[in-house]
Structure formats: structure tokens, C-alpha cells
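**Student:** need coordinates for the below:
(one chain, ligands or ions: 1)
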Amino acid sequence: YKAYRRYTGISLADVPGPESPSFIMGNTKELYQGQAAEADFKWQAQYGNIVRFKGPFSENQIMISDPAALQYIFVKSGYRFPKPHERRAMDNMVSGKSLMWVEGEDHKRHRKVLSPAFGVPGARALLPFFNGCAESMSNKWMDLITNSKEQSAVLNIPAWVSRATLDAVGEAAFDVRFGSIDNKESALARAYSNMLHDIFGSPSSEQIFFQEVAKYIPIRILDYFGETSNNPRVQRAREVASLATSLAKQMVTDKAEMLLHRKGSRDVFSLLVKSNMDTDAKAKLTEEELYAQMRVILIAGHETTSNTLSWALLELARHPEMQYRLRAEIRETQAAMHAHGDTEFAIADFDAMPYAAAFIKEVLRFYPVVYHSYRRAGQDDVLPLSQPITTRFGKLIHELPVPRGTQIIASIGAYNRNKDLWGEDAHVFNPERWLNSALKEKKATSVGVYSNLMTFLGGPRACIGWRFAVIEIQAFLTEVVGKFEFALTDKSELVRREASVLMTPTVEGEVEKGAQLPLRVSVASRTEKGY
Ligand code: HEM
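**Tutor:** As a prediction, this is how the structure comes out:
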């Protein structure tokens, strides 16, 4: 690295990027106070796939949407680009010292115990749970609609879907019935409702400043702050944490008891506890670590899929032609299933629906609900680049030296809109691109675990629940789109991509109300073919 830098004479400051409006805040207000990935798209269009911007006190940071650089950081370098410790302190506050929090060898140990529960057979076995929860929600919608005068209802989609996916995580991950679709006042549903928005949404300049300078504060002090602060956002995180931990303790005891009596079941947590029992003593997860896994699964596994589903329904309401095409495919598949005597969708049925697959991929590309991933260079390093960049002094460079400690934002949002990968219409929502063979044939640098999108990341820290999420999205979409029609309302024209760590739909002018996406829902009519 040092020889390279001496030879090339390149420093991060030479990389093109936006002017900094303030020495104290740098570009961070534009980055964190706009809508999710809004600044990313603007900077990418102006400066390309590597952008240098300023953090507080004129510190150079980089935002990356270049595939080769991302592949290097996430896939090739193992653990050389750890998560910044102030971000880990946030993870600790929300979900404890879980897989999401650990680094290096400890991460390998956690991942090894958790992986068997998230493999292909494990994820596929969860489909009946997802089908069941999707049906419970759609039965409620059917009652509401058929009992209404207009035979339609305006539903706040995220409020419904987040409770249904909380129930789905309860059943699929823990074999427990939370019942939040029947009772929106249940303690768990209330605790999780709008949680991430309450903790991280609409950050003030002071909060952004604190989040940025927290890197200079030792992690123990940050953890202590998380445990004791009276700040309402931190208190909100603590309330959820304590509820989830007591639930976790109960479940860990129940599962261990069940497995001792060899009454195992197919849910994720039973597989995890079993895998932990089979692991040698030194590598086993402790009880505290098991509770943390359960908390992270509850959080990472429910609002992510729920927000993705909300965005999917918004696009269907915006594009009736896509909605009709998807519904026709679902109903044709259903008719074929019924002809074979099957009543429930199986994985093979999803595999036989190319338009549904294309539509879901496009939703995941266009709305990656985790739109940023934060890393720090653990040592001096040199990033390869897919496309050379021209420095501010006109020099063409094919690699970028990054000093140890460089703060890196991997822009998942901007990578998923990179025109070199997805074409000139990358900013247009167009499922057709996945059915078009040109995209399939294009030899892209391999980065993401799913369809080379960055939505679930790639490499050893890729989302462990991605198969779980994709099957859950398939199950919910086929259930609701097969039965209902979705139309825009006045408010749905005002929907914002709120940046609350997760990309969340809110309504312009009513952001403080949290997740909102009001759509008009009615029962979808049958076609002349009878389905
Ligand atoms: C559409 C749905 C989902 C999306 C877009 C998503 C996205 C992501 C991303 C981008 C990461 C990496 C974060 C980083 O390192 O910066 C991640 C990690 C993780 N996700 Fe997901 N996720 C989804 C659903 C799920 C589900 C359903 C589960 C569990 C049931 C889950 C569990 C996890 C866990 C435990 C990690 C930490 C993995 C590690 O660090 O080794 N996620 N997810």
C-alpha cells in the first residue's frame, strides 16, 4: 500500500465528490436527512461509482457502488473491512451481541452454528407457515371489504403487513403463535410497531453529529450510554430489548426441553438449538448469545420483508398492467395446482411463475430496504475498480488506495441502480429487464448472493435469512395479489422513501406518524377464463 501510494501519489482527497458546505458537519446532513439513498443517486450521477465526501471536521469518507471494489470489500477480503464500532454499538442496543454484532473468528463461530437452520431445506420447509400467516391476513381483509358499503377499503399496508410478518417470524423461526394479526394491541406488536422509525427516523443535526463523532468514543462507553441514557430513542430501544430478551429466555428453555425429549420441530430456532447442542464445547454459543440471535432474527426477519412487501404493492398499484399480468400468472398456476389436487402453493409452483420471479427481483433491486452497509478499512489497502476514475487533478486511476480507518459506505441503493450493470433505464421500475436475455448473458462481477443484487449483500456477512425472505415474499404476494386489487389513493401519491436505517414508506407532511402507505384494496374479479 505504502509503495503504491508513494508511486501513484494518490490520496482520497483527490477523488471527485461534492463540495462540503460545513467544516463541522461536512456532507452528512445531505446524506442522512434526505430520503433513503437520495444523496447516493445524485452523487453517483455527478461523480460516478466512487465518491469522496466529507464527514465532520473535513474527514474524507467514501461511498462505493463500483462492483469490483464492493466484491473486494465484501467477498474477497474476509474480515479486513469490519463494521465501524459506533454502528456495532447501535446493533448491540437493538439486538444484543448477535451474529450481526460479532466480528472475525467470533463471527465465523456464530455463523457456523446458525447456518444449518438457514439452508435450502430449512427455508423451504417454512413455506406452510408463511402461507398460513398470509392467509390469516387476507381473511381479515376479505371481512373488512365484504362488510363495507363500497366493497373496498383503504388500508395502511405496512401496519397490516408488519404484523403479519411478525407472526410469520414467530411461527417460522420459533414455532410460537404471536397472534398479532388478530390483536394489534398485543405487547409484542405494539413494541415492534414503528420501532426502527422511532429510534432512527428523521435524525436531527445533533444526532447525526453524535453518530459521526461516536467513532472517537470507546465502544464500552457507547455500550454504557446505550444501557443508561434517558434519551427517548435509546429508551425505546431498551424497552423492546428487554421484552425480546424475556421472550427469548422463555423460548430457549422451552426449546431445549423439547429437544431433550426428542420432540424437535422444523422451525429455525429448534434447528439452531440442535446445531448448538451438536457443536463442540469450545465453539458453542452461550445462553446470552442464543438470546441475542433470537432478538436479531425477530428484528432483521420481520420489518425488512414487511417493508419490501409494502413497496411491492405500491408498484402494483402504480402499474395496473403489471398487477393484471401477475394476477393472471398466479391464477393460472393455481388452476393447474387445483387440477393436480393441490390446494397450497409449493416451491415448485413459485418456480413455474417467471413473471412473479422477475417482479420480485425488480422490487428487491429498486427498493433495497437496507440501502447502506457501513464498513471501515481495518488496514491500509488498495481497492480494485471496475471502471477507472479520473482524479480531481485529471489523473486516470485503476485502483484506489485507502488508508487504515477510512470510513466506507457501501451504497446498496446506488449499486442496484448502477447503469453499467442494469442498463440506461436503471432508475425505471421495469420487471421486464429480468425476462430479457441480454441481462442474463451479461458477465458481471459477482457480488451479491441473490441475482447479483446487493440487496442481501454478498460474502461471509451476507444476509443469512435471504432464502427465508424470498420465500416469504413469494408466499405473501401470491396470496394477496391472487385475491385483491390494489389502487392508489391521494395520499399514496405523497409516499416518501424514509431513511430510518430501513427504507420505510411514510407520507409527506405526516412523517411523524411513522410507516404509512394507504392503498385502496378491493376483491379482484375473475377473468372470463373463470380464474
Ligand atoms: C427483504 C428482506 C431482507 C433484506 C433486504 C435483508 C438485508 C440484509 C443485509 C443487507 C444484511 C447485511 C448488513 C451489513 O452487514 O451491513 C443483512 C444481514 C443479516 N440479516 Fe437480513 N435481510 C432481509 C431479511 C432477513 C431475514 C428474513 C432474516 C432472518 C430470519 C435476516 C437476518 C439477518 C441476519 C442475522 C444478518 C446478519 C448476518 C451476518 O452479519 O452474518 N434478514 N440482511
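
**Student:** now the strands for the chain?
**Tutor:** Along the chain, counting by DSSP state E, strands occupy 50-54, 60-64, 152-156, 372-376, 381-390, 396-402, 407-411, 484-487, 495-500, 502-507, 518-523.

**Student:** reformat these as JSON lines; add mean pLDDT.
**Tutor:** Conversion of these to JSON lines gives the following (pLDDT from 0 to 100):
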{"stretch": "strand 50-54", "mean pLDDT": "98"}
{"stretch": "strand 60-64", "mean pLDDT": "97"}
{"stretch": "strand 152-156", "mean pLDDT": "97"}
{"stretch": "strand 372-376", "mean pLDDT": "97"}
{"stretch": "strand 381-390", "mean pLDDT": "95"}
{"stretch": "strand 396-402", "mean pLDDT": "93"}
{"stretch": "strand 407-411", "mean pLDDT": "98"}
{"stretch": "strand 484-487", "mean pLDDT": "97"}
{"stretch": "strand 495-500", "mean pLDDT": "96"}
{"stretch": "strand 502-507", "mean pLDDT": "96"}
{"stretch": "strand 518-523", "mean pLDDT": "97"}
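
**Student:** out of those, the one nearest the ligand is which?
**Tutor:** The closest approach between the ligand and any of these, judged by Cβ to the nearest ligand atom, belongs to strand 372-376 at 3.3 Å. Where C-beta positions appear, they are placed from N, C-alpha and C, glycine not excepted.

**Student:** quick one: the residue in the chain positioned nearest to the ligand and V268, what's the gap?
**Tutor:** Taking Cβ to the nearest ligand atom, the ligand has its nearest neighbour within the chain at G465, 2.2 Å off. Note on G465: its distance to V268, by Cβ to Cβ, to the nearest Å, is 9 Å.

**Student:** and what of F210?
**Tutor:** Taken as Cβ to Cβ, the spacing of F210 relative to V268 amounts to 35 Å.

**Student:** about what we covered before: overlap in contacts, G465 and V268.
**Tutor:** Among the neighbours of G465, those also in contact with V268 (Cβ atoms under 8 Å, 6 or more residues apart in numbering) are 118, 297.

**Student:** compare the two (neighbour count), which wins?
**Tutor:** Between G465 and V268, counted using other Cβ atoms under 10 Å, the more crowded position is V268 (27 against 23).

**Student:** tell me the contacts of that one?
**Tutor:** Per Cβ under 8 Å, 6+ apart, neighbours of V268: 117-118, 122, 126, 172-174, 297, 468.

**Student:** could I get the pLDDT score of it?
**Tutor:** At V268, the model reports a pLDDT of 85.

**Student:** how far does stretch 181-194 sit from its chain's centre?
**Tutor:** On the basis of Cα atoms, centre = their mean, to the nearest Å, stretch 181-194 is displaced by 21 Å from the centre of the chain it belongs to.

**Student:** how about it as CSV, C-alpha atoms only?
**Tutor:** C-alpha atoms of stretch 181-194 as CSV (Å, rounded to 0.1, in the frame of the first residue of the first chain):
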residue,chain,number,x,y,z
ILE,A,181,-52.8,-10.1,13.1
ASP,A,182,-55.8,-10.8,15.4
ASN,A,183,-54.7,-8.5,18.1
LYS,A,184,-52.9,-5.3,17.2
GLU,A,185,-52.7,-4.4,20.8
SER,A,186,-50.6,-7.4,21.7
ALA,A,187,-47.5,-6.2,23.7
LEU,A,188,-45.1,-7.5,21.1
ALA,A,189,-46.9,-6.0,18.1
ARG,A,190,-47.1,-2.6,19.9
ALA,A,191,-43.4,-2.8,20.9
TYR,A,192,-42.3,-3.5,17.3
SER,A,193,-44.7,-1.2,15.6
ASN,A,194,-42.6,1.6,14.0
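
**Student:** the closest residue to L290 other than its chain neighbours and L114, how far apart?
**Tutor:** Nearest non-adjacent residue to L290, counting by Cβ to Cβ, 6 or more residues apart in numbering: V252, 5.3 Å away. Distance from V252 to L114, counting by Cβ to Cβ: 14 Å.

**Student:** try Y1
**Tutor:** Counting by Cβ to Cβ, the gap from Y1 to L114 is 34 Å.

**Student:** got the residues of the stretch 1-150 of the chain near the ligand?
**Tutor:** For the stretch 1-150 of the chain, the residues in contact with the ligand (Cβ under 6 Å from any ligand atom) are 99-100, 111.
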